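**Q** Pasting the sequence and the predicted coordinates here, then a few questions.
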Amino acid sequence: MKLHEQREQGYLFADYGPDFLKVNDQILRQNLLLSPDRIDTDWPARDFDSLEAAHFEYILVLQPELVLLGTGTQLRFPHPRLLAPLSSQGIGVDVMDIGAACRTYNILMSEGRRVVAAMLLV
């Protein structure tokens, strides 16, 4: 699905599919963290089944108020103990499929919210 691009505001999802994310003009084919001012392709999460609390602790450096976890084409919920590094800091986590996470991130980011998208591709 093609999304509207507005680069002057920061990093936005411009398009997505089951095996790629397009951020502004850049096509990415790996898991990543996206914040309004940063693309982090070094996020060590490999796939949903290997998620650990340390993967969510890694996100804290971005100082989000909300994290959107995109779990690929299927909605999958991590065990609450994995989210403890974020929830203990009062940071909300919403779990969505990749398309919903892209669309929601763009809306929240355009509203000036400090949102981070943690995206797991299939």
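**A** Received the coordinates, thanks. Quick caveat, the model's predicted, so the values are computed rather than measured. Numbers count the residues shown, from 1 in each chain.

**Q** C-alpha from now on. contacts and neighbour counts both.
**A** Fine.

**Q** Between the two ends of stretch 55-75, how far is it?
**A** End-to-end distance of stretch 55-75 (C-alpha to C-alpha, to the nearest Å): 18 Å.

**Q** err, stretch 38-48, not the other one
**A** End-to-end distance for stretch 38-48, by C-alpha to C-alpha: 22 Å.

**Q** Give the buried residues for it.
**A** Residues of stretch 38-48 classed as buried by neighbour count (16 or more other C-alpha atoms under 10 Å): 43, 45, 48.

**Q** Can you lay out the residues you listed as CSV showing secondary structure?
**A** Below are these laid out as CSV (DSSP: H, G, I helix; E, B strand; the rest coil):
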residue, secondary structure
W43, coil
A45, coil
F48, helix
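
**Q** Of these, just say which sits nearest to V23.
**A** W43 (16.0 Å; C-alpha to C-alpha).

**Q** List phi and psi for the closest residue in space to that closest one that isn't next to it in sequence.
**A** Closest residue to W43 apart from its sequence neighbours, by C-alpha to C-alpha, 6 or more residues apart in numbering: L32 at 5.8 Å. The phi/psi pair for L32 (degrees, to the nearest 10) reads phi -160, psi 170.
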